[in-house]
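1. Turn this into a model:
(chains A, B, C and D)
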4 protein chains.
Amino acid sequence: MSSVWGNKVKISIFGESHGEGIGVVLDGAPAGLRLDMDELLLNMGRRAPGKDKAATPRKEADVPNIVSGVLNGVTTGAPICCFIENTNTRSKDYGNLLSKPRPGHADYTGYVRYRGFNDIRGGGHFSGRLTAPLVFAGSVCRQALRKRGVEIASHIYSVGDIKDEPFNPVSIDGELIKRLNKRSFPLINEDIEDDMRSHIERARLDRDSVGGIIECCAAGIEPGLGGPMFSGAESLISSVMFGVPAVKGIEFGAGFDITRMYGSQSNDPFEYIDGRVMTSSNNNGGILGGITSGMPILFRVAIKPTPSISKEQNTVDLQSGENTTLEIQGRHDPCIVARAAVVIESALAIALINL
Amino acid sequence: MSSVWGNKVKISIFGESHGEGIGVVLDGAPAGLRLDMDELLLNMGRRAPGKDKAATPRKEADVPNIVSGVLNGVTTGAPICCFIENTNTRSKDYGNLLSKPRPGHADYTGYVRYRGFNDIRGGGHFSGRLTAPLVFAGSVCRQALRKRGVEIASHIYSVGDIKDEPFNPVSIDGELIKRLNKRSFPLINEDIEDDMRSHIERARLDRDSVGGIIECCAAGIEPGLGGPMFSGAESLISSVMFGVPAVKGIEFGAGFDITRMYGSQSNDPFEYIDGRVMTSSNNNGGILGGITSGMPILFRVAIKPTPSISKEQNTVDLQSGENTTLEIQGRHDPCIVARAAVVIESALAIALINL
Amino acid sequence: MSSVWGNKVKISIFGESHGEGIGVVLDGAPAGLRLDMDELLLNMGRRAPGKDKAATPRKEADVPNIVSGVLNGVTTGAPICCFIENTNTRSKDYGNLLSKPRPGHADYTGYVRYRGFNDIRGGGHFSGRLTAPLVFAGSVCRQALRKRGVEIASHIYSVGDIKDEPFNPVSIDGELIKRLNKRSFPLINEDIEDDMRSHIERARLDRDSVGGIIECCAAGIEPGLGGPMFSGAESLISSVMFGVPAVKGIEFGAGFDITRMYGSQSNDPFEYIDGRVMTSSNNNGGILGGITSGMPILFRVAIKPTPSISKEQNTVDLQSGENTTLEIQGRHDPCIVARAAVVIESALAIALINL
Amino acid sequence: MSSVWGNKVKISIFGESHGEGIGVVLDGAPAGLRLDMDELLLNMGRRAPGKDKAATPRKEADVPNIVSGVLNGVTTGAPICCFIENTNTRSKDYGNLLSKPRPGHADYTGYVRYRGFNDIRGGGHFSGRLTAPLVFAGSVCRQALRKRGVEIASHIYSVGDIKDEPFNPVSIDGELIKRLNKRSFPLINEDIEDDMRSHIERARLDRDSVGGIIECCAAGIEPGLGGPMFSGAESLISSVMFGVPAVKGIEFGAGFDITRMYGSQSNDPFEYIDGRVMTSSNNNGGILGGITSGMPILFRVAIKPTPSISKEQNTVDLQSGENTTLEIQGRHDPCIVARAAVVIESALAIALINL
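-> As a prediction, this is how the structure comes out:
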């Protein structure tokens, strides 16, 4: 029951949405890694709200202040602490949360778990804002993985019913990875961007929100990482992914669709290509028996519609003990799927470095 | 990278399919629990092959021998070790695995991971047979959870394209739980059993296999268990589930379908019912912010088609370094979905007792 | 291999002696604890250098800035991050450390471990200064333990050959605990303070340093905490204690002297006192089989002489590959034993809250 | 609170003194290690009672049955389970323990911890007999360490007041290691053996017991293993050592005596010897800042007198709630120090393989 995760490289996330700030301690990262701060800030920016028309109006600078573990731009091997100040916290927006838990949020469950002592302003420690330090930590891991030849990318697989093209499961194009890594609204087929944005905009105008699916991959991973049973690659990846707020499902390779195949279709045949053992399909998403096969790791996560909507909703009043309604004031991000892409990529990096 | 899992109650699984036996150490289970051995054996039987027409022809007695931690039928608080002897191991069936990895199996990844030293007979430690000790451990946890009012059940949500009715997400009927808990082919709507069995039988005759989806629930769980981020309920549950061989996806509540809803639909409204805070829908599967809400925990896992099929398949010969084909001899279980139900239930119990 | 510790309540320590600052994340502390900041600052002050004649001349304000997890002075249940700015870092004092490792320090082993990338200024992450966040974290745990009736105290058992009186092992006086908790040079028999200080002053004048022993106790602990084998009370306590720089030994109860007793002397006889099971001696230090007996937990730790001395010492030059000598400039703390007392107390609190 | 330990290589110990058997699961040991069963059985024999005049009269064959993880004598990388049957369990000897806890034993604390459900026959899971699986697991780790050039040895440093010669802290002779590894009563100076045995025999005739100190070393360890703070070498080693019943203290290098030195004496000067960085003394026991220096790891543990003595002792009657006396029937081992040597060596191996 904690915000600490990892075996080899541990991350410990702290902070609240409307407190002094948020941050992360990354313990066990390799020494001697020169951090590419431009890429790191690019990743922070891809997650930050307000950079994009489809994002939340609340703007945070999200400047990562590296407090320890890095000397002259190079990791020392000591724990890396990154602190991000909160600069824009309008606590009064959330004045009525004490009594009326927001549907779809952790207000009520946090209230029970912490016996009413949790900081509910802006969701407190449950806020999506806590994904900022996760992106920082994941970006450091990602740069360490790159030294081993591993590249990570993701795209918006779908928003509502509107779908992008999927990754080619057996071979992820290097140029595509580079392009996606720079996008705040990453799509393989960019022709559908307008459709997706229109769909989001309609939801916003309706004071509502929409969800979607992120498809994420890691190319270049060595075969033989992971292990059987509970510390396998899928177990590690999924346990980090469900630490990302709003994630409600994960599927590897062909995922739920694999259940409609026959074994003769779903089994990925091995074949030698250029002297290397490969598989001619990748229905298992690069993982067999919890161990990487050397094929691209491929998975999708379901992101639920942002629970913060302005539409009137039914809820309870915990003070009076009566059923009531709630209308959340202020503007809200009608779709976090695009911003979630870099969070999912970062979470994957954290999982992979622990394999 | 291990077969050890858990924080409060740790399980450590050992054994190979064709070795002397398999088993589990369960460390941290509560003292003073009188084990219901009939129920425990019923659960072992629901998992065991050969009890059902749709199951593998290899029959194992799967007699759990409790070696420690239980005195006069009551847990002592010391680690519980259960050992299950292997009685029926025809190693010669697997004679050609050393050189030709079976598609969809961990033969190749295990070979890389353990540099060729892993026991490949019958899949070794990666065998589905290792789910037997998991069912034992989960059954003990389940009996401990029952003392707290928690009941677990699952059913075959689908086999191929054939679907059962889903659970009522806001209220799981106690009688239904009791009925499902006794079935080796658990279905809410038993009228579809013949269709499902026919589908499986056709695959078997075609020397092929089919997969499916298990839907699982826990009713009666206290609100307030779990926590934010990486040790939340979804993280814990998923990391155990992916320890079960053949699981390729998991989704909670409305799961991937939630991505096609609007926030106003997916947000579960709170309401007082009989003085208790409930939600009138359960799209979040009983978990908000990683913490239980007191509503039923509800999720589905995707089980891939059994990779062991008799049909000829393409693979490589690791000795000669050439592409080749493989025809696995012997009869194989064309569908493990029904037997997986009790495994998923057991894995859930292990996760929940660690919340 | 990390600066993260704990199972129930995790602490993650970060920072370097001459970096921007140091700090700690405390994850899992109970919600609803009103922090006594006066006591917390008193503890920080007992550890801080420069408050006492016998301490290091380097003065740090050591102001703990609570960044998260506390709202209006009360813990929220979310991770508590405390950040302590470094205000007085004279890096030039340490200019020659790159090539000449200081004997008794981690300069050389850190150099090997981190392949030369570690921050060696002032010992970097290995600095005794990192005990400041440990005192912060331990003080929070201590206040949580007090609610359960547990009080912790320690005294300078010895400096060099000069010995204080020991604790009464079967009954720790409440007034004594209160008095010791306020002292920066805690002694049961304060008459020996002058002797000890003279001994330290002589070492200082000789550009040398001295070590000593801290005796620490916890009174009021519930019986039945801990467990057999590796997660027993002694295992947990010792693993935190050896995380404190300069600790080279730990002994519980009669400790090494117990090896010179007969069993009939060392066995602590049980007896009923006021209807409670007590022991009439406490040679086992309140712990039997890794589990607390309800008697005071009692142990001693050996603190080696401060390795930083101004006297000329033999060492190697890692750059030239030759034997050489080293004379460390600047003034140094000739005895850290007094300041270590509150560190040991804090480390005990962290261990006990994890039992 | 468990009998599971380890990060890289996990051990999970199970069993009770008078149950069906005892054993261990070792998860994460390297694949491809050919086990030297002769050495393994030699180690088991060094621990076993009854092999030596000074040992307990209860004789157990202690045959380790390797149930999994080893194929044709070579480790497969899968969890290794070793089961040891209990063959000689005279439960009636312990008939009066339910009501009268034995002083110095875990009877009372286990009773409180497990609310009376623990198996108290022969100490149950708290029995010294549980060190047999620990020796098995440690012996496997030791053979893996030997491949890296690490050798472990220990000797009886003292029994009561009778002392052996200490190890040469800066250079452990290879021939000495070989000799000690074969002895059931390991001494550097074998001339004192008669004195020690006479001392033990006198205690036995007096229905009493004696304790002693084991000095243990590891030679050939690589520099740079371990890390700062809580997962340093001393933390890991001590947390395993205190898992060994009867251990009440541990000190590294000069240990408690270092507190009587000056810094100019205790600091181990670095020097180049044959181009390698060495220290000319080893007061730090081969560990600086939690990291190995490449010098021999050296430490001593205090073993308390065996608590099982036949002499009449004061205790309580938990049933009647009155003070009473206890006279334990049967013959008892008057000194476990000699047998503890191989247990300490094994525990060290388990710690070192996790660095």
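2. Contacts only, for A:Asn181.
-> Taking Cβ atoms under 8 Å, 6 or more residues apart in numbering or on different chains, we find A:Asn181 in contact with A:Leu42, A:Ala153. Using the backbone N, CA and C atoms, a C-beta is placed for each residue, glycine as well.
3. For the residue sitting furthest away from the middle of chain A, give its distance to A:Leu98.
-> Here chain A reaches farthest from its C-alpha mean at A:Ser320, the gap being 37.0 Å by Cα atoms, centre = their mean. Separation of A:Ser320 from A:Leu98 (Cβ to Cβ, to the nearest Å) stands at 12 Å.
4. what's the answer for A:Asn283, then?
-> 49 Å.
5. out of these two, which sits in the more crowded spot?
-> Remark: of A:Asn283 and A:Leu98, A:Asn283 carries more neighbours, 23 against 15, as counted by other Cβ atoms under 10 Å in any protein chain shown.
6. any weak-confidence spans in the stretch 51-200 of chain A?
-> A:51-61, A:88-97 (pLDDT under 70).
7. Taking it, what residue is nearest to chain D?
-> A:Ala78 (7.4 Å; Cβ to the nearest Cβ).
8. now do chain A
-> Counting by Cβ to the nearest Cβ, chain A gets nearest to chain D through A:Asn7 (6.9 Å).
9. residue contacts, that residue?
-> The contact partners of A:Asn7, by Cβ under 8 Å, 6+ apart, come to A:Ser231, A:Asn354, D:Asn7.
10. run the last query once more with 6 Å
-> A:Asn7 is in contact with A:Asn354, counting by Cβ atoms under 6 Å, 6 or more residues apart in numbering or on different chains.
11. ok so, going back, can I assume the residue farthest from the centre of chain A sits in a strand?
-> No - going by DSSP: H, G, I helix; E, B strand; the rest coil, the assignment for A:Ser320 is coil, not a strand.
12. In space, what's closest to it - neighbours in sequence excluded?
-> Closest residue to A:Ser320 apart from its sequence neighbours, by Cβ to Cβ, 6 or more residues apart in numbering or on different chains: A:Ser99 at 7.4 Å.
13. Please report how far the one you found lies from chain B.
-> 12 Å (Cβ to the nearest Cβ, to the nearest Å).
14. Report how many residues lie close to that residue.
-> Considering only other Cβ under 10 Å, A:Ser99 is surrounded by 14 other residues.
15. before we move on, back to that, which SS state does the residue of the stretch 51-200 of chain A closest to chain D fall under?
-> Under three-state DSSP, A:Ala78 comes out as coil.
16. I'd guessed it sits against A:Gly69; true?
-> Yes - between A:Ala78 and A:Gly69 there is a contact at 4.7 Å, judged by Cβ atoms under 6 Å.
17. and the two? which has more neighbours close in?
-> Comparing A:Ala78 with A:Gly69 by other Cβ under 10 Å, the one with more neighbours is A:Ala78, at 31 against 27.
18. for A:Gly23, what are its contacts?
-> With the criterion set at Cβ under 6 Å, 6+ apart, A:Gly23 makes contact with A:Phe14, A:Gly15, A:Cys82, A:Phe83, A:Ile84, A:Pro133.
19. nearest spatial neighbour of it, skipping sequence neighbours?
-> Nearest non-adjacent residue to A:Gly23 (Cβ to Cβ, 6+ apart): A:Phe83, at 4.1 Å.
20. what's in contact with the helix or strand that contains the one you found?
-> Assessed by DSSP states H and E, A:Phe83 sits inside strand A:80-85. Strand A:80-85 has contacts (Cβ under 6 Å, 6+ apart) with A:21-26, A:29, A:62, A:64-69, A:132, A:136, C:14.
21. Please, a ChimeraX command that selects the buried ones among the residues you listed?
-> Selecting just the buried residues from the contacts of strand A:80-85 in ChimeraX takes one command, with 16 or more other Cβ atoms under 10 Å in any protein chain shown as the test:
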select /A:21,22,23,24,25,26,29,62,64,66,67,68,69,132,136 /C:14
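22. Filter the contacts of strand A:80-85 down to the ones in helices?
-> A:Ala132, A:Phe136 (DSSP state H).
23. returning to that earlier point: any idea how far the residue farthest from the centre of chain A is from B:Tyr272?
-> 10 Å.
24. Pull the number of nearby residues for the residue nearest to A:Gly23.
-> Applying other Cβ under 10 Å, I find that A:Phe83 has 27 neighbouring residues.
25. Same check on the one 4 residues further on?
-> With neighbours defined by other Cβ under 10 Å, the count for A:Thr87 comes to 11.
26. Which secondary structure state does it sit in?
-> Classification of A:Thr87 using three-state DSSP returns coil.
27. A:His155 now?
-> Strictly by three-state DSSP, A:His155 counts as strand.
28. excluding its backbone neighbours, what's nearest it?
-> Spatial nearest neighbour of A:His155, excluding adjacent residues (Cβ to Cβ, 6+ apart): A:Pro186 at 4.5 Å.
29. Quick check: the gap between the one you found and A:Arg204.
-> A:Pro186 is 20 Å from A:Arg204, where distance means Cβ to Cβ.
30. quick one: which of these two has more around it?
-> Between A:Pro186 and A:Arg204, counted using other Cβ under 10 Å, A:Pro186 has the larger neighbour count: 24 against 20.
31. Quick check: the residue of the stretch 201-350 of chain A nearest chain B.
-> A:Gly289 (2.4 Å).
32. Just the element for the nearest residue to A:Leu236 once chain neighbours are set aside, please.
-> Nearest residue to A:Leu236 in three dimensions, chain neighbours excluded: A:Ala351, at 4.6 Å (Cβ to Cβ, 6+ apart). In the assignment (DSSP H and E), A:Ala351 maps to helix A:337-353.
33. For that helix, the averaged confidence score.
-> Per-residue pLDDT over helix A:337-353 has a mean of 97.
34. So which residues make contact with it?
-> Taking Cβ under 6 Å, 6+ apart as the rule, helix A:337-353 contacts A:9, A:43, A:46-47, A:131, A:134-135, A:138, A:141-142, A:145, A:152, A:154, A:156, A:159, A:185-186, A:212, A:214, A:216, A:236-237, A:240-241, A:244, A:301, A:303.
35. Same check on stretch A:241-250?
-> A:128, A:238, A:299, A:301-304, A:343, A:347, B:229-230, B:234-235, B:238, B:251-252, B:255-256, B:258.
36. Could the C-alpha coordinates of that stretch be exported in PDB?
-> C-alpha atoms of stretch A:241-250 as PDB (Å, rounded to 0.1, in the frame of the first residue of the first chain):
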ATOM      1  CA  MET A 241       0.500   0.600 -15.400                       C
ATOM      2  CA  PHE A 242      -2.300   0.300 -12.900                       C
ATOM      3  CA  GLY A 243      -0.400   2.800 -10.800                       C
ATOM      4  CA  VAL A 244      -1.300   5.400 -13.400                       C
ATOM      5  CA  PRO A 245      -4.600   6.900 -12.500                       C
ATOM      6  CA  ALA A 246      -7.500   6.200 -15.000                       C
ATOM      7  CA  VAL A 247      -6.000   2.900 -16.300                       C
ATOM      8  CA  LYS A 248      -8.700   0.200 -16.200                       C
ATOM      9  CA  GLY A 249      -7.300  -2.500 -18.400                       C
ATOM     10  CA  ILE A 250      -4.200  -3.800 -20.100                       C
END
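37. Now do it: distance to the chain's middle.
-> 8 Å (Cα atoms, centre = their mean, to the nearest Å).
38. and that stretch, what's its mean pLDDT?
-> 97.
39. Also stretch A:258-278?
-> 97.
40. What confidence value was assigned to A:Ile237?
-> 98.
41. what number of residues lie near A:Val63?
-> Neighbour number of A:Val63 under other Cβ under 10 Å is 11.
42. Then the one 10 residues further on?
-> Taking other Cβ under 10 Å as the criterion, the count of residues near A:Gly73 is 11.
43. Neighbours of A:Lys178, how many?
-> So A:Lys178, with other Cβ under 10 Å, has 11 neighbours.
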